[in-house]
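Peer 1: Sequence first, predicted model second:
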Amino acid sequence: MATRDRLLKPLYRLYEGRLERDLRPELVPRHIGIILDGHRRYARSEGLPDYTASYRVGMRKFEEFLGWAHDLHVPAITGWLLSTHNLQRPPEELRPYFEVLIELFERLPQLAAEQDMAVRFIGSLDLLPAELVTAAKALEVRCANGGRRLTMAVGYGGRQEIVDAVRELVSGLAEGGADAAEIAGHIDVDSVQAHLYTADLPDPDLVIRTSGESRLSGFLLWQSAYAEYVFVDVFWPAFRRVDFLRSVRDYARRERRFGK
């Protein structure tokens, strides 16, 4: 298989170049959401000694992916690295992943500086181990400024985000002295959206999920109402630049009507 991959690599480079040349800048998504799915299945399929090896491959792949998006001048990326549902996994699976995430967070400042990228986190960080939260907050401080935006969803659930947005909206209105009837009158699409974790970002234009699963599983539920979806069969650690470019090409070929 390795020999076959080496032989095909020059052909893939030619194909990637053609795909990239054919992408008109005005059709490149402003905001891409990416669901990094398939680490454990990749480890089993490749006969890796443990999931930690797969997690490390996957986080290196995430760094590569950020470079691919930078090459296409994509202004905003939101990556789903850990869901609230994932937190129900056994501790022996979660601890190695937390360690790999911390390693990623320690490497990202250099990449962020090279790519003019601000970094922030969304999700229920209070559910995460203290050392992971400390590393995440340190990364946010070091990478607070940049023309491009990287948002990492960690301990994230889409339903919880909507609940949090409504709770924050209602609490703010109540603190301002509004009664029940007034509060109800102030709850609309715009007011809820203003309290979402991603209120300062455009809604995603394209959402990519790897591993062959054809569902969102709660990722950016509100924001993705009119996003285009691409479901890729390969597991995340095996995701290639050609897979990314094909996904963007497929997006660029679609006619977006936004429900009209």
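Peer 2: Yep, that arrived.

Peer 1: Let's see the distance spanning stretch 201-210 from one end to the other.
Peer 2: In stretch 201-210, first residue to last residue: 23 Å (CA to CA, to the nearest Å).

Peer 1: One more: stretch 219-227?
Peer 2: End to end - CA to CA - stretch 219-227 spans 12 Å.

Peer 1: what do you get for stretch 208-224?
Peer 2: 11 Å.

Peer 1: where in the protein is pLDDT low?
Peer 2: Within the chain, the set of residues satisfying pLDDT under 70 comprises 1-8, 260.

Peer 1: And the strands in it?
Peer 2: 31-35, 76-83, 117-122, 148-156, 206-209, 228-231 (DSSP state E).

Peer 1: Determine which of these approaches Arg18 most closely.
Peer 2: Nearest to Arg18, of all the strands of the chain, is strand 228-231, at 18.7 Å by CB to CB. Every residue, glycine included, has its C-beta placed from N, CA and C.

Peer 1: Give me the contacts around the closest one.
Peer 2: Residues outside strand 228-231 that contact it (CB atoms under 8 Å, 6 or more residues apart in numbering) are 205-209, 212-214, 216, 247, 250-251, 254, 256.

Peer 1: can you give me the helices in the stretch 101-250 of the chain?
Peer 2: Here the stretch 101-250 of the chain has its helices, by DSSP state H, counting those that start in this stretch, at 130-142, 158-175, 180-186, 189-193, 241-253.

Peer 1: Next, count neighbours for Glu103.
Peer 2: When neighbours are counted by other CB atoms under 10 Å, Glu103 registers 15.

Peer 1: how about it, what does it touch?
Peer 2: Neighbour list for Glu103: 56, 59 [criterion: CB under 8 Å, 6+ apart].

Peer 1: And it, how close does it get to Gly123?
Peer 2: Note on Glu103: its distance to Gly123, by CB to CB, to the nearest Å, is 19 Å.

Peer 1: still on that earlier bit, which one of the strands of the chain lies nearest to Ala174?
Peer 2: Closest among these, once you apply CB to CB, is strand 117-122, at 24.3 Å.

Peer 1: Check which helices and strands that closest one sits against.
Peer 2: helix 91-114, helix 130-142, strand 148-156 (3 or more CB pairs under 8 Å, 6 or more residues apart in numbering; DSSP states H and E).

Peer 1: One more pass at 10 Å, please.
Peer 2: Packing partners of strand 117-122 (3 or more CB pairs under 10 Å, 6 or more residues apart in numbering; DSSP states H and E): helix 51-71, strand 76-83, helix 91-114, helix 130-142, strand 148-156.

Peer 1: Could you give the bridge partners of the residue nearest the centre of the chain?
Peer 2: Closest to where the C-alpha atoms of the chain average out (CA atoms, centre = their mean) is Gly79, at 1.2 Å. Residues in a beta bridge with Gly79, per DSSP bridges, are Ile34, Met152.

Peer 1: Wait, it touches Val154, no?
Peer 2: Yes - with contact defined as CB atoms under 10 Å, Gly79 reaches Val154; the gap is 9.2 Å.

Peer 1: State the number of residues packed around Arg148.
Peer 2: 18.

Peer 1: quick one, what contacts Tyr15?
Peer 2: 8, 241-242, 245-246 (CB atoms under 10 Å, 6 or more residues apart in numbering).

Peer 1: The helices of the stretch 101-250 of the chain into a markdown table, with extra columns for mean neighbour count and distance to Leu72?
Peer 2: Shown next, in a markdown table, are the helices of the stretch 101-250 of the chain (neighbours: other CB atoms under 10 Å; distance: least, CB to CB, whole Å):
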| stretch | mean neighbour count | distance to Leu72 |
| --- | --- | --- |
| helix 130-142 | 15 | 24 |
| helix 158-175 | 15 | 26 |
| helix 180-186 | 11 | 40 |
| helix 189-193 | 12 | 27 |
| helix 241-253 | 18 | 7 |
